[in-house]
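**Q** All I have is the shape, not the residue letters:
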């Protein structure tokens with residue numbers, strides 16, 4: 001069973017690198033110019049997204065959240081603060097950016113700004129798309145009538161739509177066959193419908209970290225196998 005949603009979550013990013021303050025030096029005519037020089041923008045390597053907020057789905061609203069981020073020496077977001085945006089998206093935006101991975105900055109702590117947009121994307125050809133939306137099933141049901149639900153805990157991550165795969169034309173619905181045991185863990189994953197070998201491999205790695213709970217069926221229904229559909233949709237713009 002697929003989770004229907006009136007809007008999809010996509011991310012729009014704007015970065016501004018702010019280096020740490022330089023050490024103080026004595027005022028002397030012999031001292032060289034110590035004014036901070038401009039630094040290259042931080043490079044975002046991975047941007048997993050939290051699920052679209054249920055409250056926003058119920059209200060059928062869209063919007064954008066601006067944040068201020070602090071990135072540590074490993075490229076992880078060590079702190080994130082909301083600057084502006086609809087309150088319904090605050091927690092989802094924070095949960096998203098705390099999963100992001102940047103290229104380790106030259107100077108730490110590094111401060112940057114980001115905008116996470118929650119809206120209705122406009123589909124377009126993958127080869128010219130600027131962003132991509134990933135919509136996985138949240139409820140899985142097999143032909144026996146057994147159903148399981150994905151646990152969207154703080155460790156949950158959405159599959160990443162790699163830019164190189166999108167531009168190569170990998171788009172559509174990937175279909176996986178997953179076996180879930182009695183503890184809600186995935187013990188086996190097979191590709192039923194592939195979009196690209198690279199995207200398949202990356203998606204399977206993420207999906208293997210997911211946890212499930214039994215939704216329909218008796219306590220002894222698991223382990224069992226379920227189809228999992230994941231939609232990878234290229235987008236050119238977004239209505240907010």
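**A** Nice, I can see it. The structure presented is a predicted model; accordingly, all values stated were derived computationally and were not measured. Numbering: from 1, shown residues only.
**Q** tell me the mean pLDDT over the lengthiest helix in the chain?
**A** The longest helix of the chain (DSSP state H) is helix 197-207. Averaging pLDDT along helix 197-207 yields 96.
**Q** Against which helices or strands is it packed?
**A** Contact here means 3 or more Cβ pairs under 8 Å, 6 or more residues apart in numbering; DSSP states H and E; on that basis helix 197-207 packs against helix 163-167, strand 172-180, strand 186-193, strand 224-239. Quick note: C-beta positions are derived from backbone N, CA and C, even for glycine.
**Q** again, 7 Å this time
**A** Helix 197-207 makes packing contacts with strand 172-180, strand 186-193 when contacts are defined by 3 or more Cβ pairs under 7 Å, 6 or more residues apart in numbering; DSSP states H and E.
**Q** Just put those strands in a markdown table and tack on mean neighbour count and distance to residue 206.
**A** Below are those laid out as a markdown table (neighbours: other Cβ atoms under 10 Å; distance: least, Cβ to Cβ, whole Å):
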| stretch | mean neighbour count | distance to residue 206 |
| --- | --- | --- |
| strand 172-180 | 19 | 11 |
| strand 186-193 | 14 | 10 |
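**Q** ok so, going back, which positions in the next helix or strand after the longest helix of the chain come out as buried?
**A** Scanning forward in sequence from helix 197-207 by DSSP states H and E, the next helix or strand is strand 212-216. The neighbour-count check on strand 212-216 (16 or more other Cβ atoms under 10 Å) flags 212, 214 as buried.
**Q** Partner strands of strand 212-216, with direction?
**A** strand 147-150 (antiparallel) (DSSP bridges).
**Q** re earlier: with mean pLDDT added, can I get the helices and strands packed on helix 197-207 in a markdown table?
**A** Formatted as a markdown table, these follow (pLDDT from 0 to 100):
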| stretch | mean pLDDT |
| --- | --- |
| strand 172-180 | 96 |
| strand 186-193 | 97 |
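**Q** Dump the ones you listed to CSV, plus distance to residue 220.
**A** What follows is the helices and strands packed on helix 197-207, written out as CSV (distance: least, Cβ to Cβ, whole Å):
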stretch, distance to residue 220
strand 172-180, 13
strand 186-193, 16
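**Q** Could you point out the bridge partners of residue 226 in the sheet?
**A** Assigned bridge partners for residue 226, using DSSP bridges, are residue 178.
**Q** and the gap between it and residue 137?
**A** 9 Å (Cβ to Cβ, to the nearest Å).
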